[in-house]
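>>> coords below, sequence missing:
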């Protein structure tokens, strides 16, 4: 095996593992269908592997379910084994895998009788997750698994120059005994780095000088493309060239959104926000802290930037709205995780792996997980889901603590029951700031909240009229409950022709908090006790931090 000059780090790792004898079987996953800039051209990663890494191998097989077994190199060597072998190469999976195994045994036998044959053999299995899916079962699936595992762990394959490369989009879509077996070395192919994107731009600039003019700052353009595959870059360049347009950095923000919506339908929701923290009512200390974090983020001063936030508070306190305002303030997209769990073995893990890949493609973004106590799973979920929650928990925990994401991905969890989120998931390094989002604690706060919502609904109520209603204004008012109250008053105003103040007065007199008092009290206590800093907690509620009851 050879490693070409300027090879990406994953190729160097693969080369090192093989020539050192550490591994002979490799699972390639991630950005496996992309292209690379090699010299003066862009080549598919698979072609790069065949013609670069495996250039010294005399015999090279390829297999996929559509084409069956093909011989890319070394047909004359196979003819020495069986003269007519090229006329009847097998297409069915089990027959094809057995064929390759028998040829490997043949070479080992030659060595055993003193022929000293040192033929190097490799096989590339495309779409290995379709050949050996994680949810596979039955006799043939088991037989295939056994044979493929032998390639990496058993004689004679470990005694000869034999390499097997299994290509899969998602690692967790592949049979676990193969994907996570001791015989396999995992090779994750990441999205291209800025230097790799710049190299690709140089190739495309030569072919499309009107679309990528020579005056273009390729380094700056490549930096704006972080998270975009080279294949996508090439496609976009060709479209722009056909339209006689210049490639712009702004093209890629639109493109990244389209990628998320296209590649993960039903798994994530892409939220665009035009709101800022000016639209969020109250909690000035919290907004000041968030604005400082945004300023650090925009200046690329990341050392004090939190990896994640936990927003905790009673139902209806506006946690989702606050996330939208924070995203608008920072000028970044929000990706909201939806239901990625499925009943099929390995499907949930594969979905989550795909989500993580798309999140990285966005560059700077906020990942929002609502109802985090339900979504994130638990370290030990017992036997009721065959360990699925534990596996999902482990994947999310690992991704959240990846320091390479600092400054790129900010995790925001929201929950009214933060006590149900695993303590380890809330630790510093994953969640650095825990923020209580609380209802109003004074008449003034309630009045200001209702006034803000009245303006939004265009309910005609003056500040003096609101002042006169002070005696009826409830405490512990959440934005959700206040909005329903104002909406009801607006409906009364429009349908019965009464003044805004009279309609609001009527609604206040019959108002009942939609959340039972005991539930609200418990959720406030939990939020206060989770707070990273008591400056976020009103004085009247700080006694909850010590577990004391209200006076």
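All right, it came through fine. Predicted, not measured: the structure shown is a model, and the values here were computed from it.

>>> Tell me where the chain has strands.
For the chain, the strands defined by DSSP state E occupy 25-30, 35-38, 41-44, 59-64, 68-73, 121-125, 162-168, 184-189, 268-271, 308-312, 334-337, 365-369, 409-415, 433-436.

>>> Tell me which strands the first one pairs with, and in which orientation.
In this case it means strand 25-30. strand 162-168 (parallel), strand 184-189 (parallel) (DSSP bridges).

>>> okay, residue 151: pLDDT?
pLDDT for residue 151: 93.

>>> for it, what are its contacts?
The contact partners of residue 151, taken as C-beta atoms under 8 Å, 6 or more residues apart in numbering, are 24-25, 100-101, 104, 123, 157, 162, 164, 183. For glycine as for every other residue, the C-beta is placed from the backbone atoms N, C-alpha and C.

>>> give the contact list for the closest residue to residue 130 other than its chain neighbours.
Once flanking residues are discounted, residue 130 sits nearest to residue 65: 5.7 Å by C-beta to C-beta, 6 or more residues apart in numbering. Contact analysis of residue 65 by C-beta under 8 Å, 6+ apart lists 93, 127, 130-131.

>>> any idea of the pLDDT on residue 65?
92.

>>> Check the one 4 residues further on too.
In this prediction, residue 69 carries a pLDDT score of 95.

>>> Am I right that it is in contact with residue 100?
Yes. If you go by C-beta atoms under 8 Å, residue 69 and residue 100 touch, sitting 7.3 Å apart.

>>> which residues are common contacts for those two?
With C-beta under 8 Å, 6+ apart as the test, residue 69 and residue 100 both reach 61, 63.

>>> Pick out whichever of the two has more residues nearby.
residue 100 (24 against 19; other C-beta atoms under 10 Å).

>>> Model confidence at the more buried one, what's the number?
The model's pLDDT for residue 100 equals 94.

>>> now swap in residue 507 and tell me
92.

>>> residues contacting the residue lying closest to residue 59 once chain neighbours are set aside?
Nearest residue to residue 59, sequence neighbours excluded (C-beta to C-beta, 6+ apart): residue 74, at 3.3 Å. Residue 74 sits next to 57-60, 119, 121 when contact means C-beta under 8 Å, 6+ apart.

>>> Quick check: residue 74 vs residue 95, distance?
Residue 74 is 19 Å from residue 95, where distance means C-beta to C-beta, to the nearest Å.

>>> Also residue 534?
Taken as C-beta to C-beta, the span from residue 534 to residue 95 is 69 Å.

>>> What sits closest to residue 109 if chain neighbours are left out?
residue 156 (8.0 Å).

>>> Settle this for me: the one you found is touching residue 102, isn't it.
No. With contact defined as C-beta under 8 Å, residue 156 does not count as touching residue 102 (11.0 Å).

>>> okay, those two: which has more neighbours?
Neighbours around residue 156 and residue 102, counted as other C-beta under 10 Å, are more numerous at residue 156. The numbers are 17 against 11.

>>> Backbone dihedrals for that one, both of them.
When quoted as degrees, to the nearest 10, the phi and psi of residue 156 stand at phi -90, psi 0.

>>> which residues does it contact?
So residue 156 contacts 104-105, 107-109 (C-beta under 8 Å, 6+ apart).

>>> for residue 451, same thing?
Taking C-beta under 8 Å, 6+ apart, one finds 461, 463, 466 in contact with residue 451.

>>> ok, residue 413 to residue 340 distance?
For residue 413 relative to residue 340 (C-beta to C-beta), the value is 15 Å.
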